[in-house]
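Participant: Need a 3D model of the following:
(one chain, ligands or ions: 1)
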Amino acid sequence: MITREQIHELAQFEDEGACALSFYFQPTTPRNKAHKEEAILTKDLAREVLRQLEGRDFEGKSKTKTKNKCESARADLDRIVRLSQELRGNGAHAKAVFACSAQKFWRQYDLPAHLSGTQLLVDRHFHLKPLTQLLASLPSLGIVLVDRHRARLFELRLGELTERMDFFHPLPHRGRSDGFKGYDGGHAERRVADEVRQHCKTVADVLKEALDKGMFEHWILGCQDTHWPQFAAQLHSYASQKLLGRFTAEVAHVSRDEIRSQAERIFADSQKKRCDDALRETLSQARSSGRGVTGLRRVLRSLESGEVQTLLVGQSYHSQAVECAGCGHLDAHLVSFCPVCGRETREVVDVAEAILPRVISHNIELFYVSDDAEFDKVGNIAALLRFRSEQNTSNVRPINQAPPNPSVSRRAGLVGRYRGLASG
Ligand SMILES: [Zn+2]
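Facilitator: Numbering: from 1, shown residues only. This next block holds a predicted model:
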């Protein structure tokens, strides 16, 4: 499965010759007759991409250069088609391939089979929207199960549940040697209470360390209601803030499926709430001309000046823009020349895709918003700002020079935050 560092690497990749291939393979269910069609579909997609490449006139470039470009992309496409044939019948995982043989770049990743479909695209950057949407919908979480003397720590990442630790602290044996009821009995009870407290503290320390190391950004707890106060008393305040929710579970008996489904439910609820809160705050801040902006033009400007903390984009938002070939400036006005550096611009078919590399490399929290009437009214794109700079044209600068987002550490969140990627 893909890591945050790998996603950053993909976001930073650029091919001047626009031969960066992104292939997303979503398997059909096993035994489905469509397996054969999957491979045929990939072949068709590859043929289409090749046609696009051959049809391009590389302005100012020689025919030989164009031909070389096509040849190198063709090698990647052949390899992708071969791979898709091997993938037939592999119903459990989806696959993503990012390739550019001109730069000797090839990365392939297994993904949970939750992609909207199989796609193959070629451009200057990799196509990251399916990946960011996937990451936004899937949790990256720690899960702690605890009772009075046992605890287990799991990690849930991209649909895969892994047990990381298992602690078992036997309670002191209480037998006849505890002596008479009364003084000795009370003493034994206190000893048990101490042991339980020590056990909870050990688990809380391990959890804090995991959070500090960035193993996961948030966590959830499974325990009996009666054990919660004892454990809560030992939690570090930082860990308490990162707790998304709690479910009732018996440490020794809960099944993996139960853990996963409880975690996914709690995560989905908390994501929805975080997204709603961010949206309401952004809209209210925008209305009062505070730390919120709406509409593509203002959002692009805020991205370029490094002000954006959280970006909200409609699930099916689509809009054109232009991008400067020189400085990377994105402009909502379809101007032929860059207002920043004067170089020629080129068309960007989907601006929601074009902004992703910046969103990812600057660790901007990203939410995809679905069906919200108020959001629709303001253009289906908005941003919550960390600060608001004086906005005049003189401070427009290319986005690749915008300062990184210091409020968010690199290890924090997903592209779900795309980071949750955004979300998460
Ligand atoms: Zn420019």
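Participant: Give me the neighbour count for D15.
Facilitator: Counted by other CB atoms under 10 Å, the residues lying close to D15 total 20. Backbone N, C-alpha and C define where each C-beta goes, glycine included.
Participant: same question but for R56, I mixed them up
Facilitator: Residues within reach of R56, counting by other CB under 10 Å, total 16.
Participant: At which residues are the strands of the stretch 201-350 of the chain located?
Facilitator: Counting by DSSP state E, counting those that start in this stretch, one finds strands in the stretch 201-350 of the chain at the ranges 218-223, 243-248, 292-294, 308-314, 321-324, 330-331, 345-348.
Participant: right, and those strands - which one's nearest Q119?
Facilitator: Ranking these by distance to Q119, with CB to CB as the measure, places strand 345-348 first at 17.7 Å.
Participant: so which of the strands of the stretch 201-350 of the chain comes closest to D376?
Facilitator: Smallest distance to D376 across the strands of the stretch 201-350 of the chain (CB to CB): 7.3 Å, for strand 308-314.
Participant: How far away from the center of its chain is that closest one?
Facilitator: With CA atoms, centre = their mean, to the nearest Å as the basis, the distance from the averaged C-alpha position of strand 308-314 to the chain average is 13 Å.
Participant: That strand - contacts with which helices or strands?
Facilitator: Using 3 or more CB pairs under 8 Å, 6 or more residues apart in numbering; DSSP states H and E as the contact criterion, the secondary-structure elements in contact with strand 308-314 are helix 256-287, helix 296-304, strand 365-369, helix 373-377, strand 381-385.
Participant: go again using 6 Å as the cut-off
Facilitator: Contact analysis of strand 308-314 by 3 or more CB pairs under 6 Å, 6 or more residues apart in numbering; DSSP states H and E lists strand 365-369, strand 381-385 as its packing neighbours.
Participant: can I get those strands in TSV with distance to the ion, mean neighbour count and mean pLDDT?
Facilitator: Written out in TSV, the entries for the helices and strands packed on strand 308-314 read as follows (distance: least, CB to the ion, whole Å; neighbours: other CB atoms under 10 Å; pLDDT from 0 to 100):
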stretch	distance to the ion	mean neighbour count	mean pLDDT
strand 365-369	25	27	93
strand 381-385	21	26	97
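Participant: Would you reformat those strands as CSV and include distance to Q103?
Facilitator: Shown next, in CSV, are those (distance: least, CB to CB, whole Å):
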stretch, distance to Q103
strand 365-369, 27
strand 381-385, 31
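Participant: of all those, which lies closest to A75?
Facilitator: A75 lies closest, by CB to CB, to one member of the helices and strands packed on strand 308-314: strand 365-369, at 33.5 Å.
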